[in-house]
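**Q** Output the structure for:
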Amino acid sequence: MKSQHLFLLKLSVITVFLGRAYQHLFWDVPYRTFIWNEKHLAPILKSFFGLEWKDYANSLAVDAKIQFGIKLIGLFFVALAVLVYFLNSRNFNYFKIPIAIGGFWQILLALLFTKESFFQIGQFFEYTLQIALPFLLLYVFSTNFRLSRFILVVKLAIGFTFFAHGLYALGFYPVPGNFIDMTISVLHTNESNARLFLLFVGILDILIFPLLFVKSISKYVLIYAAFWGFLTAIARIIAHFDSNFISQIMHQYSFEFVVRASNFIIPLLTFFILHKLLLEQKQQQYCPKDNNNWSNQTNKNSA
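**A** Next comes the predicted model:
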């Protein structure tokens, strides 16, 4: 893979890990949906630790240990971001296991967020890109890397992410209150118009999935996905921005932008790759004897 493209892929993985790190270190993560679930956890505590639920739930020492463990997970994500930055073919065998663990942890977080939302399956698929990215990065450095497979998986991940987001905007699931609030705040409109706007962009979100696989227009769909992905990410900050409380606003909402940055970085990356492939194809038409095309080079591991 070209170094510029690899940089964007690494950047997207780093933003996921750093965003989750900040969330673990300073804000709420839905581990409580399991940690404080008496129905599921009480039997485990009783059988393996001889601890009654009341003693567990009321123990300040237990709570302190839980919070300390969450902070450690946050530091682990910081370390993963550093590993991703320095990842290359020489250290791949050493770094691949912790990065893969980071990928599996994204699955766990997606499941917890889904449980927190009363098992709305669309909630899980909203995190498809965040789940896929660590594994896609490892795939790029693997010996069986194929660009065509990479593009296919990336398109599927983008499609699922935007499709799931569209289900909420359309009202297939209850429209989240923060969607409406952010729309009202950013567009300076009323609730009725905000719901109409969300309905419209929800339809577009749904259409992104199938249109990504229409070869003649896929590049334009990717440009729109990058544009809309950026707007939905930055809206977390803009909607709550107050010049009198800049540091507080950035502390509270900047990680939400960072963790969603892959929603516009990856569509851009895919656009650049497809554009490069198209240029190579055109060059081959004029120079058919030149077999040193870029798409073959991408099957080699990056240094």
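**Q** Find the residue closest to I184 in space, skipping its chain neighbours.
**A** A194 (4.9 Å; C-beta to C-beta, 6 or more residues apart in numbering). (C-beta placed from N, C-alpha, C; glycine too.)
**Q** Let me know how buried that neighbour is, in neighbour terms.
**A** Neighbour count for A194, taken as other C-beta atoms under 10 Å: 20.
**Q** ditto for H165
**A** Per other C-beta under 10 Å, the neighbour tally for H165 reads 23.
**Q** Repeat that for Q4.
**A** Neighbour count for Q4, taken as other C-beta under 10 Å: 11.
**Q** For it, give me its contacts.
**A** Residues in contact with Q4 (C-beta atoms under 8 Å, 6 or more residues apart in numbering) are F272.
**Q** surely F124 meets L108?
**A** No. Taking contacts as C-beta atoms under 8 Å, F124 lies outside contact range of L108: 11.2 Å.
**Q** Same drill for the two, tell me which one is more crowded.
**A** Higher neighbour count among F124 and L108: F124, with 20 against 12, using other C-beta under 10 Å.
**Q** distance of the closest residue to that one other than its chain neighbours from P30?
**A** Counting by C-beta to C-beta, 6+ apart, F124 lies nearest to T114, which is 4.3 Å off, once chain neighbours are set aside. Separation of T114 from P30 (C-beta to C-beta, to the nearest Å): 9 Å.
**Q** low pLDDT regions in this protein?
**A** Flagging of the chain using pLDDT under 70 yields the residue ranges 287-303.
**Q** Going by neighbour count, list what's buried in the helix of greatest length in it.
**A** In terms of residue count, the longest helix belonging to the chain (DSSP state H) is helix 60-86. For helix 60-86, the neighbour count (16 or more other C-beta atoms under 10 Å) marks I70, I73, G74, F76, F77, L80, A81, L83, V84 as buried.
**Q** Can you spell out which helices and strands pack onto the helix or strand that comes right after that helix?
**A** Downstream of helix 60-86, the first helix or strand assigned by DSSP states H and E is helix 92-116. Applying 3 or more C-beta pairs under 8 Å, 6 or more residues apart in numbering; DSSP states H and E, we find helix 92-116 packed against helix 3-26, helix 32-35, helix 60-86, helix 121-125, helix 128-140.
**Q** hmm, who's touching the second one?
**A** The list of residues contacting helix 32-35 from outside it, by C-beta under 8 Å, 6+ apart, reads H40, L41, I66, L112, K115, E116.
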